[in-house]
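Student: Got a predicted model here, sequence first, then my questions.
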There are 2 protein chains.
Amino acid sequence: MALIVQKFGGTSVGSTERIRNVARRVAKWKQAGHDVVVVPSAMAGETNRLIALAKEIQPDPDPRELDVIASTGEQVTIGLLAMALKGLGVNAKSYTGAQVRVLTDSAFTKARILDIDEQRLRADLAKGCVPVVAGFQGMDEAGNITTLGRGGSDTSAVALAAALKADECQIFTDVDGVYTTDPRIVPEARRLHTITFEEMLEMASLGSKVLQIRSVEFAGKYRVRLRVLSSLTDPALPIAEEAQSGTLITFEEDEKMEQAVISGIAFSRDEAKITVMGVPDRPGIAYAILGPIADANIDVDMIIQNASVEGMTDFSFTVPRGDYAKAMEIARKVQEHIKAKGIFGDNKVAKVSMVGVGMRSHVGIASQMFRTLAEEGINIQMISTSEIKISVVIDEKYLELAVRVLHKAFGLDQPA
Amino acid sequence: MALIVQKFGGTSVGSTERIRNVARRVAKWKQAGHDVVVVPSAMAGETNRLIALAKEIQPDPDPRELDVIASTGEQVTIGLLAMALKGLGVNAKSYTGAQVRVLTDSAFTKARILDIDEQRLRADLAKGCVPVVAGFQGMDEAGNITTLGRGGSDTSAVALAAALKADECQIFTDVDGVYTTDPRIVPEARRLHTITFEEMLEMASLGSKVLQIRSVEFAGKYRVRLRVLSSLTDPALPIAEEAQSGTLITFEEDEKMEQAVISGIAFSRDEAKITVMGVPDRPGIAYAILGPIADANIDVDMIIQNASVEGMTDFSFTVPRGDYAKAMEIARKVQEHIKAKGIFGDNKVAKVSMVGVGMRSHVGIASQMFRTLAEEGINIQMISTSEIKISVVIDEKYLELAVRVLHKAFGLDQPA
């Protein structure tokens, strides 16, 4: 008998019929003898509807009041889901974030969880009751309603699992797990049975949008076993089968049975590259270039500075494609100011990243990657590496080809 | 400078445009130097939408969870209204019932307010802030969300006014006050400038659906000055004019400037009459007849038992027309059981009531009423009187005629 936190996303609770399916699934785990805490999101589309309503009043809505409004989406779902569970004869009870209570800071619309008082939930669990807790929301020290920002229900679920020292936090979503890469590009992409937190963080931040990145960080920090599962399977799927489906995100590398060097290939199309050429190589030059970009609230991703030749260097960085025009305008002014020789931009680039904890103990991964791309005539424009990741920037038109050849070259299409 | 609680109904906050109008009206009072607490309802149609959603899950929804769901309607409005006020430069802050806190009993879907902690609101008011408090909802001792039942926002507003010892509680609605009778039947009906609580209670329970009856009882009990006002007037209407518009419901009969004997004529079409004839007149017979009716959850209104003749009496009562068939079926069984001579029913009857505190000190009102009806050939089937009310049951087809002739006979069409 285990204590399990189950989180269901907006699509999974998108209609009363789907909410009834969620109830069936939860009831199955409960009836198998497990203690279950459920965390649903708002019904799909509801949060957007509420925010649109607020924007009709104020184009730039007051954040405290926006949270009061937006938090009602989850409040409706917890009531409906608790009802549906009772309808199946399962003892259930809904709780808002404030009722639990989920204590957060006062950063409205993007609050962070500080503490969870799990006593009330423990008392319910002891009585065989299934607490249904609103995701995405909490309460600050002064009793104000707060929300955690988009995707915050994942974080709520993980935080509850941490507070309750749950055996597992299951995130039910409309994908059935984490894949070696996007199956729309590589049909041979395989679902990973396990992945480590570090790998997941690199995968998530690089565009494999399965879990909210903050929830993964949270799970890693509090050592919560996290499992991504499909909410589209038959709710009556046998427990033993469901328990092993999806992808387990583990903090124990030992638990990772697949010992492939590379776990997956992430990529992003949303990239643009800017190179400032012939920059005088002196202290503070990186800040002189990137400071004004950061001041304009533009997120800089990769940053590369080549070795200096004759006191001059080339300085390249990538920005989200949507910020390209603005970033170029700023960079051009900086270029004139610092008397660099020239500036060059390209908003038709993409980033491909290979991720795997196995890289730590394997050499030659990078060179194998570069050779594979070279064999296809794909030019590498920028390279950036971390302990468990190698990213390259290439011409956007080669993106699909690059992902496919790397996926095959590293044997990701073979069962581990 | 006064402390005023302003309540706005569902139609008044039915769209973001209307919410902006409400904000303009509130801002006007605030800017005139008054302290204002605002209590909005859910946007028109929203509570019904939420309840329909709940019924899709459970035809007979769990009451605790229904309250969790239904209370979100007002929560959205308080956020939107607080935003709209801030948009006008008015310092404002929203509160759910639980945040205030409005303490209620645990009778979900029809909870009663036990206490209000007004400290938080007082602190806001002292800082020049306008608290926007969700109507219709509260929290029980255990922290569960409760609702007060349909129309409960009126009660919330009055309870807040009582707790804060407000100078006046203003109920803005889509009528502009209380009339001598329904203007759709008597075009000469006049708006009353003042009415006493007792009169209002008799008028409200008899069908002049302006205010929720419980809120009037509450206002009477805690001596809250209550004013019904129109939310359809220009929000920029000068304060002095608005302050004197609508109808003031007062607990001081002295404050009632219009000294007419009769204040108004209420009526109800939704009536049916059942008479059990030749009932053996012995103790317990009323209970024998009405007990089974009450057990079937049928609301009995007027009850009349004639004087006994030769140990036999006739026993009549009225029920809501929708319950007529069921009530007749029950009464027929009772009739056989108690060996009464016969039973007679009529579901084409209506009730007309004249209400006025002036009756206390005036004799002859009843006989003038009966004569007026007799002159028009209208037969009176049942009569029931209280200290400030006379009700008669007549054939439904004479209802409009009866109301018109009484309205004229008692001079209600003349300015007081």
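Tutor: Yep, that arrived.
Student: Show residues contacting stretch A:135-150.
Tutor: A:7, A:39-42, A:47, A:64, A:66-68, A:70-71, A:73-74, A:96-98, A:101-113, A:152-157, A:212, A:214, B:96, B:99 (C-beta atoms under 8 Å, 6 or more residues apart in numbering or on different chains). Any C-beta I mention is one placed from the backbone N, CA and C, and that applies to glycine too.
Student: so what strands line up beside the strand or helix carrying residue A:343?
Tutor: Assignment of secondary structure by DSSP states H and E places residue A:343 within strand A:342-355. Using DSSP bridges, the strands paired with strand A:342-355 are strand A:264-280 (antiparallel), strand A:389-395 (antiparallel).
Student: Quick one: name whatever helix or strand follows that strand.
Tutor: Defined by DSSP H and E, the subsequent element after strand A:342-355 is helix A:365-375.
Student: Restricting the selection to alpha carbons, write that following helix to CSV.
Tutor: Provided in CSV are the C-alpha atoms of helix A:365-375 (Å, rounded to 0.1, in the frame of the first residue of the first chain):
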residue,chain,number,x,y,z
ILE,A,365,30.1,11.6,-27.8
ALA,A,366,30.7,15.1,-29.1
SER,A,367,33.0,14.0,-31.9
GLN,A,368,30.5,11.3,-33.0
MET,A,369,27.8,13.9,-33.0
PHE,A,370,29.8,16.3,-35.2
ARG,A,371,30.9,13.5,-37.6
THR,A,372,27.3,12.4,-38.0
LEU,A,373,26.2,15.9,-38.9
ALA,A,374,29.2,16.4,-41.2
GLU,A,375,28.4,13.3,-43.1
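Student: Tell me the helices and strands packed up against that helix.
Tutor: strand A:380-386, strand A:389-395, helix A:399-409 (3 or more C-beta pairs under 8 Å, 6 or more residues apart in numbering or on different chains; DSSP states H and E).
Student: For that helix, which residues meet the burial criterion?
Tutor: Of the residues in helix A:365-375, A:365, A:368-369, A:372-373 count as buried by neighbour count, 16 or more other C-beta atoms under 10 Å in any protein chain shown.
Student: Residue A:73 is in contact with residue A:40, isn't it?
Tutor: No: if you go by C-beta atoms under 8 Å, residue A:73 and residue A:40 don't touch, sitting 10.0 Å apart.
Student: and the closest residue to chain B within the stretch 101-250 of chain A, helix, strand or coil?
Tutor: Residue of the stretch 101-250 of chain A nearest chain B, by C-beta to the nearest C-beta: residue A:143 (5.7 Å). Under DSSP: H, G, I helix; E, B strand; the rest coil, the three-state class of residue A:143 is coil.
Student: and it, how many neighbours does it have?
Tutor: 15 (other C-beta atoms under 10 Å in any protein chain shown).
Student: Next one, pLDDT for the residue in the stretch 251-400 of chain A positioned nearest to chain B please.
Tutor: Distance from chain B to each residue of the stretch 251-400 of chain A (C-beta to the nearest C-beta) is smallest for residue A:297, at 24.2 Å. The model reports residue A:297 with a pLDDT of 88.
Student: Please apply the same query to residue A:255.
Tutor: 57.
Student: same check, this time on residue A:416
Tutor: In this prediction residue A:416 is given a pLDDT of 61.
Student: And residue A:186, how far from residue A:409?
Tutor: The gap separating residue A:186 from residue A:409 is 12 Å, by C-beta to C-beta, to the nearest Å.
Student: now the helices and strands packed on helix A:365-375 as a markdown table including mean pLDDT?
Tutor: Formatted as a markdown table, the helices and strands packed on helix A:365-375 follow (pLDDT from 0 to 100):
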| stretch | mean pLDDT |
| --- | --- |
| strand A:380-386 | 89 |
| strand A:389-395 | 93 |
| helix A:399-409 | 96 |
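Student: Can you say which of the ones you listed is packed in most?
Tutor: strand A:389-395 (a mean of 21; mean count of other C-beta atoms under 10 Å in any protein chain shown).
Student: Off-centre distance for that strand?
Tutor: On the basis of C-alpha atoms, centre = their mean, to the nearest Å, strand A:389-395 sits 20 Å off its chain's mean C-alpha point.
Student: Quick one: closest of the strands paired with strand A:342-355 to residue B:306.
Tutor: Between residue B:306 and the strands paired with strand A:342-355, the tightest spacing by C-beta to C-beta is seen for strand A:264-280, at 87.4 Å.
Student: For the very next helix or strand once past that closest one, list every residue counted as buried.
Tutor: Using DSSP H and E, the helix or strand that follows strand A:264-280 in sequence is helix A:285-295. By neighbour count with 16+ other C-beta under 10 Å, helix A:285-295 contains the buried residues A:285, A:288-290, A:292-293.
Student: Show which residues not belonging to the helix or strand of chain A at the bottom of the mean pLDDT ranking make contact with it.
Tutor: Lowest mean confidence among the helices and strands of chain A (mean pLDDT, DSSP states H and E): helix A:197-205, at a mean of 83. Helix A:197-205 is contacted from outside by A:178, A:195, A:210-213, A:216-217, A:219-220, A:249-251, A:263-264, A:266, A:353, A:355-357, A:386, A:388-389, using C-beta under 8 Å, 6+ apart.
Student: tell me the angle of it relative to strand A:264-280?
Tutor: Relative orientation of helix A:197-205 versus strand A:264-280 (axes from the mean of the first three to the mean of the last three C-alpha atoms, to 10 degrees): 70 degrees.
Student: Helix A:197-205 vs strand A:380-386, what angle?
Tutor: Going by the same axes, to 10 degrees, helix A:197-205 makes 150 degrees with strand A:380-386.
Student: what about the helix or strand following helix A:197-205, distance to the chain center?
Tutor: Note on helix A:197-205: by DSSP H and E, the next helix or strand toward the C-terminus is helix A:213-221. Centre-to-centre, helix A:213-221 and its host chain are 9 Å apart (C-alpha atoms, centre = their mean).
Student: Give me the neighbour count for residue A:304.
Tutor: 16.
Student: gap between the most far-flung residue of chain A relative to its centre and residue B:72?
Tutor: Distance from the C-alpha centroid of chain A, by C-alpha atoms, centre = their mean, peaks at residue A:310 (43.3 Å). The gap separating residue A:310 from residue B:72 is 67 Å, by C-beta to C-beta.
Student: Please apply the same query to residue A:353.
Tutor: 42 Å.
Student: coming back round to it: which one of residue A:73 and residue A:40 has more residues nearby?
Tutor: Legend: neighbour count by other C-beta under 10 Å for residue A:73 and residue A:40, higher for residue A:40 (33 against 28).
Student: So in terms of bridging, what pairs with the more buried one?
Tutor: residue A:8.
Student: which SS class is residue A:187?
Tutor: Reduced to three states by three-state DSSP, residue A:187 is coil.
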